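*Asks:* my questions are about this predicted structure, shown below with the sequence.
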Amino acid sequence: MTNNNGPDSPRQIYDVLIVGAGPVGLATAIGLRKRGITNILVIDQAREFRKVGQGLDLLPNGLRAIKYTDSEAYEKITETAFKAFPPPSNKEPASRPSEVNPKPAPPPKRLWRQKNIQGETTRSFPTDFQSWFDRYGEGRVTVSWFDLQTKLRSLLPPDIVQANHRCVHLEEETGWVRIESLSDAAISTNPFAHWEMMQSKVDTSESPQESQEAVQKSFYAKLVVAADGINSTIRQVLYDGKGMKKWTKPQYSGFAAISSRVDNLPRSIIEELDTNYIQGDRIITVHNNSDKLNMAELKLLRLMLIRLPDNSVIYLLYAPFTLRSWQNKSQIEIRDLGIQALKNAEFPSVFTELVGLSTPENLSHRPLYMHPVNTQDDFQPPWSHGRVVLAGDAAHAMPPFMAQGANQGFEDAAVIVTLVAKLIQEKGLDEDNEIANIFEKYEQIRRSFAGQVQAATMKSHQWTQQQWDDFNEILHRRVYPSSVTLGE
């Protein structure tokens, strides 16, 4: 291992070091620069920025937060999403500039319906931008994680975002924080945010990366924003050293996911799905809402179906499993767990037959983890200590059931950007009590609401249409700036 911070090396102290170049970290950096804070750096453990990650739904609350943080970032995101998924209406929101080239004819508006096992709709919501905009004053877009990251990175000077710096330690010193990082060729898999699939057999015996020596480097900053995800190293080091080891790692949510694409479905299966459930929709969710189920938790099981051309379907099964039943299982055993869960929840046989056609090569699965905002203990682990603050999944990771992970992270970024920019502009970076005050205010603004969203994420599946609509009114009608969103 080589240390490139020798005794004679110049030491630059950043005003803000952001750990994690995902959407939340990048949004924070963009917002700070927008407000004149330029002595910042973003580091990420990824060796390079590659096309990884799933698609994200950005909803009105997240889009409002990013528009407040930086309007150009909002335009980049919505432009990217519209290119991939054209909006289904020629009506242009007043907040978006008109385009010179005429738009193609819009596709029909679509609903995402939740249905019971009898095929009856129990809840629905639109999936297009315009319907959300008409209702909440802001839209809804779908964008891939990589495209979102790429567009946000394009708004920052290249030298501000540095890859291949895996944080291994932090030390709080007088007046600043020291972050120790390693740069090497090792690929560190995140066990808490990773879809497991059958691995291809690749011969890496002659990989030149194995001979690369790890390089250690130290970074110094007056403030550190830890936006390094659910498996946050900063959170682990920060809590472990403060007697909070119990909260360093994510907690199992009680749910796991199984997914696969199934091609060339037999006519009998595709016709039954189309006739009784899909009925011309592109995407539906099926659940058993019967009160006669033997185990109440089986009402929490749900099966998402995405209809593709050529008699193909992608399914995504969310089901309550014990973590022990999930561990050390083959792909076939995981598939069979899913089939048994559907049988226990009394799903019709067409669904077990669909899952049974999954091949090991196409099957992916993952347990779902979270950082509980409201623990069962009287003690609630804080989101900051000294000059270090947690944001996004590092603070309050939650399962994807309401698509609020990135959206809540953008809300965090908006608050942090506002408070940190004001602190720096008022020359408060050397005042420990002022730093403590803004981080306490950040947590006061964000913790309660993030807790409500996290709780809703875990129970909203059983809500009626009215309960769903009522919560979304609260979630999506908050504006920036206001006392509710920014404490102003």
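*Replies:* Looks like it came in fine.
*Asks:* hey, let's count contacts and neighbours off CA atoms from now on
*Replies:* OK.
*Asks:* excluding sequence neighbours, find me the nearest residue to residue 414.
*Replies:* For residue 414, the nearest residue in space outside its immediate sequence neighbours is residue 69; the separation is 5.4 Å by C-alpha to C-alpha, 6 or more residues apart in numbering.
*Asks:* now do the contacts for the one you found.
*Replies:* Residues touching residue 69, when contacts are defined by C-alpha atoms under 8 Å, 6 or more residues apart in numbering, comprise 27-28, 30-31, 413-414, 417.
*Asks:* between those residues, which is closest to residue 17?
*Replies:* Closest to residue 17 out of the contacts of residue 69 is residue 28 (10.4 Å), distances taken as C-alpha to C-alpha.
*Asks:* residue 369 is in contact with residue 253, correct?
*Replies:* Yes: taking C-alpha atoms under 8 Å as the definition, residue 253 is a contact partner of residue 369 at 5.0 Å.
*Asks:* which neighbours do these two have in common?
*Replies:* Common neighbours of residue 253 and residue 369, counting by C-alpha under 8 Å, 6+ apart, are residue 399.
*Asks:* and these two? Which one has more around it.
*Replies:* Using other C-alpha atoms under 10 Å, the more surrounded residue of residue 253 and residue 369 is residue 369, with 23 against 19.
*Asks:* how close does residue 269 sit to residue 275?
*Replies:* With distances defined as C-alpha to C-alpha, to the nearest Å, the gap from residue 269 to residue 275 amounts to 10 Å.
*Asks:* look up phi and psi at residue 390.
*Replies:* Comment: the main-chain dihedrals of residue 390 come out as phi -90, psi 150, following degrees, to the nearest 10.
*Asks:* separation between the residue lying closest to it once chain neighbours are set aside and residue 379?
*Replies:* Nearest in space to residue 390, with sequence neighbours left out and distances taken as C-alpha to C-alpha, 6+ apart, is residue 226 at 4.7 Å. Going from residue 226 to residue 379 by C-alpha to C-alpha gives 21 Å.
*Asks:* who has more neighbours, the two?
*Replies:* Taking other C-alpha under 10 Å, residue 226 and residue 379 do not tie; residue 226 has more neighbours (26 against 9).
*Asks:* residue contacts, the more buried one?
*Replies:* With the criterion set at C-alpha under 8 Å, 6+ apart, residue 226 makes contact with 18-20, 25, 232, 234-235, 388-391, 394.
*Asks:* so what's it scoring on pLDDT?
*Replies:* Per-residue confidence at residue 226 stands at 98 (pLDDT).
*Asks:* cool, and residue 392?
*Replies:* The predicted local confidence for residue 392 comes out at a pLDDT of 98.
*Asks:* so what's it up against?
*Replies:* For residue 392, the contacting residues are 24, 227, 229, 405-406, 408-410, 412-413, by C-alpha under 8 Å, 6+ apart.
*Asks:* and if you look at residue 316?
*Replies:* Taking C-alpha under 8 Å, 6+ apart as the criterion, residue 316 is in contact with 257-260, 303-305.
*Asks:* the helices in the stretch 51-200 of the chain, which residues?
*Replies:* Listed in chain order, the helices of the stretch 51-200 of the chain (DSSP state H, counting those that start in this stretch) span 60-69, 71-84, 129-136, 145-153.
*Asks:* mind putting the contacts of residue 69 in JSON lines, pLDDT, distance to residue 153 and secondary structure included?
*Replies:* Shown next, in JSON lines, are the contacts of residue 69 (pLDDT from 0 to 100; distance: C-alpha to C-alpha, whole Å; DSSP: H, G, I helix; E, B strand; the rest coil):
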{"residue": "27", "pLDDT": "99", "distance to residue 153": "9", "secondary structure": "helix"}
{"residue": "28", "pLDDT": "99", "distance to residue 153": "11", "secondary structure": "helix"}
{"residue": "30", "pLDDT": "99", "distance to residue 153": "9", "secondary structure": "helix"}
{"residue": "31", "pLDDT": "99", "distance to residue 153": "12", "secondary structure": "helix"}
{"residue": "413", "pLDDT": "99", "distance to residue 153": "15", "secondary structure": "helix"}
{"residue": "414", "pLDDT": "99", "distance to residue 153": "17", "secondary structure": "helix"}
{"residue": "417", "pLDDT": "99", "distance to residue 153": "17", "secondary structure": "helix"}
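*Asks:* pLDDT on stretch 295-303, on average?
*Replies:* Per-residue confidence for stretch 295-303 averages out to 87 on the pLDDT scale.
*Asks:* same question, stretch 172-184
*Replies:* In this model, stretch 172-184 has an average pLDDT of 92.
*Asks:* domains for this protein, by residue range?
*Replies:* The chain resolves into domains spanning 2-110+142-198+212-250+374-486, 252-370 when parsed by automatic domain parsing.
*Asks:* could I get the ones you listed as a markdown table with distance to residue 119?
*Replies:* Rendered in a markdown table, the data for the domains of the chain read as follows (distance: least, C-alpha to C-alpha, whole Å):
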| stretch | distance to residue 119 |
| --- | --- |
| domain 2-110+142-198+212-250+374-486 | 16 |
| domain 252-370 | 5 |
